[in-house]
Each structure stands twice: as C-alpha cells, then as structure tokens.
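Student: build me a structure from this.
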Amino acid sequence: MFARNGRPTPLGQAFAEYGRIDKTLHLLSILDPIDDTHRRKLNKQLTVQESRHRLARKICHGAGGQIRPLGHAHLNVLGRYSISSSTPAEGLRQLGEIPDLPDFPHSDDLEEKGA
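Tutor: Got it, this is the predicted structure:
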C-alpha cells in the first residue's frame, strides 16, 4: 500500500512528505528564540520521564545491586517474615472444633416477612 517493488507509492510518498513537514515544524518550534513555550513543554515531559526512569532504576537495581523497598522497612522483598503473636484472651480452640456462629436470618425468612 505504501511501497511496491521497493519504491513508494504516491500515497506512501505523500505520507513521507507529511512526516518531513511535521518534523520541520517541530524543529523550528524548538529553535524559536522568541516563543519558548514548546521548548518548556518538552523540557517538562523530559523531566517527568527522567524522574520515572530514576525511580525504576532505584527499584530494580537498588543500592549496590541489592533490592530494597524504598522507605518501607516493614516490607521484606525476599518473602521471609517474622510474625510474633500472642495467645488470645479466650484461649485457643481445639483443632476441628467449629465455633458457634450467630444466627443470621435466612433468605426464606426475609421473603416471608416482605423484606
């Protein structure tokens, strides 16, 4: 559609020319000494991208090749946690013992009451 036998079709050539026009306008707006709004926008985008890349490098590579969570000492990236617990005030239940559950109204009871 854009090229045939290694040569651009008229449509492909038109797209290439349009791309060149857009590239030229982009370069002229960057180099414009009077109006620097386009340059400022590009600088802002680059700053955001560079900050994101810096954060990604910190997360992936860490300090000295070690992966460390940033500012969260309670997180362990190796998946090994030391959890200390205390015995509940009521004591532990026996294995297999099912505690008494409070009575909840069944859906049949609700329908009969008109709820």
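
Student: now residue 100: which helix or strand?
Tutor: Under the criterion DSSP states H and E, no helix or strand holds residue 100.

Student: gap between it and residue 91?
Tutor: As defined by C-beta to C-beta, to the nearest Å, residue 100 lies at a distance of 15 Å from residue 91. Glycine gets a C-beta too; all of them are placed from N, C-alpha and C.

Student: report all helices and strands that the helix or strand containing residue 53 contacts.
Tutor: Here residue 53 sits within helix 37-61, counting by DSSP H and E. Under the contact definition 3 or more C-beta pairs under 8 Å, 6 or more residues apart in numbering; DSSP states H and E, helix 37-61 sits against helix 10-31.

Student: report the rounded mean pLDDT for the helix it packs on.
Tutor: Per-residue pLDDT over helix 10-31 has a mean of 91.

Student: one step back: compute the inter-axis angle for the helix holding residue 53 and helix 10-31.
Tutor: 90 degrees (axes from the mean of the first three to the mean of the last three C-alpha atoms, to 10 degrees).
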